[in-house]
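Colleague: Generate a structure from the sequence data that follows.
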Amino acid sequence: MQFTAVFAFLAALAVTQVSANVQCTKFDAPPGSIDQGGLQNCLNNYRNNNWDGMNCGGRGWFKGHHKYKSPNDCYDACSGCILESIQAGASQVECDDFEGGTKCWMGYH
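Modeller: Numbering: from 1, shown residues only. From the prediction side, this is the model:
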């Protein structure tokens, strides 16, 4: 029982730490000029195990890194701020996650 509580605490701490290292930059678009539903679908399908870019929802998507551990970890760190940006009507967004001496970035333009 104590092991479960300790594990849950450490998992929550890890999520907090990842979130603390994320920076999100967005550029707002005129209302109605982006396909929010399409961009949300793109984001939902962008958690894949590669660093490739894609064209989706009328935007160019990118995901890259400098010595970062995995593309899925980058997605997990950045998807929340990208979703918030989509919902706010952002025409472009870039999320950067910093972990020690490593960095990943993802978003769309």
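Colleague: Just name the shakiest helix or strand of the chain by mean pLDDT.
Modeller: helix 2-20 (a mean of 36; mean pLDDT, DSSP states H and E).
Colleague: pretty sure Cys74 contacts His66?
Modeller: No: counting by C-beta atoms under 8 Å, Cys74 sits too far from His66 to count as a contact (11.1 Å). From N, CA and C alone the C-beta is placed, and that goes for glycine too.
Colleague: of those two, who's got more company?
Modeller: Cys74 (25 against 10; other C-beta atoms under 10 Å).
Colleague: What helix or strand is the closest residue to that one other than its chain neighbours located in?
Modeller: If the residues on either side of it in the chain are set aside, Cys74 comes closest to Cys104, at 3.7 Å by C-beta to C-beta, 6 or more residues apart in numbering. Per DSSP states H and E, Cys104 falls inside strand 102-108.
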